[in-house]
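[1] attaching a predicted model along with its sequence, questions to come.
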Amino acid sequence: MINKTFKAGIKSFLKYLFAVLFAGFIIYEIVFICRIYFFVSCVIPSDSMQPTLLQGDYVYVTQRIPGRRVLEYDPNNSQKIIATRKKGKRGIQHNDIFLFNGGFWDTLFIDNSLHFIKRCIAIPGDTFYIDNGIYKIKNREEILGNYPYQLQVSNMFDFQFLGVNYNCFPYDSAYNWNIKNFGPLYVPKQGDKIIIDIETIKLYKNPIEYETGKNISIRNDSVLLNGSFISDYIFIKNYYFMAGDNLFDSVDSRYWGLLPEDHIIGKALFIWKSRDPFTEKYRFERFFKKVI
């Protein structure tokens, strides 16, 4: 009798264990599929997006805006990643906050191991500039980015920027752009034809080399692409100008230039968890806070 009861207990326990393991497997598969096709989560590692996002915020990012990105290795170059994008809910808009891959500065490439989150200030077809610290787009009047911080920059004298990265892209005396006065910089859209000369190439060298896989060089007063003279270029991709809300401590498009659309992963929607990295205390007031 005891033996039968014991066996029945073992059998019942095994059924329960199997049910728990099966449920766990199903949940894991659902999360895995959702992560691939619908959303990702990231934790904010720095203060470059404060006050909107703080260090230790865990952010839900939807891939439905601008659409799920599919990455594949170039069959002709195992070191190069090619990105395509599925149809999304909508496109990228001004002031959206996006998660994107690194791989910029002197050479553009998709580095899937590096992730950044910034606000989209200018979209393809915009002419962006900074006028005495204030972000502006030609023929538009809306507020862009963190306006209170921009006002702080506007009211500061040059000598007050000690310890701040003051000079900006393209780091050339012909432009002499800085965080108070920058541009105008045209943000190319797919199909745009731009005149290329020894001045404009300083702005668009990286995107052209990225799209063509060829090298830009200068000979006398002419621009060469893999040794052949070019006087204009038609862009294949859309580009964006991204900036952190913390103007005083954000490495963004002001310093490394334009971001190709295929680097973008998805739009930040809300903070689902927040934990202070210094005190390790949860900031419950930030749980499920919408990112705007």
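    Here it is on my side, so go on. Only a predicted model underlies this, so the values are computations on that prediction, with no experimental measurement involved.
[2] report how many residues lie close to Phe270.
    Residues near Phe270, counting by other C-beta atoms under 10 Å, number 17. In this view, the C-beta of every residue, glycine as well, is placed from N, C-alpha and C.
[3] list the strands paired with the helix or strand containing it, with their directions.
    According to DSSP states H and E, Phe270 maps onto strand 264-274. Here strand 264-274 is paired, per DSSP bridges, with strand 57-62 (antiparallel), strand 97-102 (antiparallel), strand 289-290 (antiparallel).
[4] export those to TSV and tack on mean neighbour count?
    Shown next, in TSV, are the strands paired with strand 264-274 (neighbours: other C-beta atoms under 10 Å):
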stretch	mean neighbour count
strand 57-62	21
strand 97-102	21
strand 289-290	12
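[5] dump these to JSON lines, plus mean pLDDT and distance to Glu209.
    JSON lines is the format used below for these (pLDDT from 0 to 100; distance: least, C-beta to C-beta, whole Å):
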{"stretch": "strand 57-62", "mean pLDDT": "98", "distance to Glu209": "29"}
{"stretch": "strand 97-102", "mean pLDDT": "96", "distance to Glu209": "17"}
{"stretch": "strand 289-290", "mean pLDDT": "97", "distance to Glu209": "39"}
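[6] now distance to Asp74 too, for those strands, in CSV please.
    Shown next, in CSV, are the strands paired with strand 264-274 (distance: least, C-beta to C-beta, whole Å):
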stretch, distance to Asp74
strand 57-62, 26
strand 97-102, 16
strand 289-290, 38
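[7] out of these, flag the one nearest Leu259.
    Nearest to Leu259, of all the strands paired with strand 264-274, is strand 97-102, at 6.4 Å by C-beta to C-beta.
[8] show residues contacting the closest one.
    Contacts to strand 97-102, defined as C-beta atoms under 8 Å, 6 or more residues apart in numbering, come from residues 40, 42, 49, 52-53, 59, 61, 92, 110-112, 114-120, 242, 259, 263-268, 291.
[9] show the buried residues in these.
    Buried members of these, scored by 16 or more other C-beta atoms under 10 Å, are 40, 42, 49, 52-53, 59, 61, 92, 110, 115-120, 242, 259, 263-268, 291.
[10] shouldn't Phe128 be within a helix?
    No. Checked against DSSP: H, G, I helix; E, B strand; the rest coil, Phe128 lies outside a helix; its state is strand.
[11] what's the separation between the closest residue to it other than its chain neighbours and Pro66?
    Spatial nearest neighbour of Phe128, chain neighbours left out: Ala122 (3.9 Å); criterion: C-beta to C-beta, 6 or more residues apart in numbering. Ala122 sits at a distance of 15 Å from Pro66 (criterion: C-beta to C-beta, to the nearest Å).
[12] who has more neighbours, the two?
    When Ala122 is set against Pro66 and neighbours are counted by other C-beta under 10 Å, the residue ahead is Ala122, at 27 against 24.
[13] good, wrapping up.
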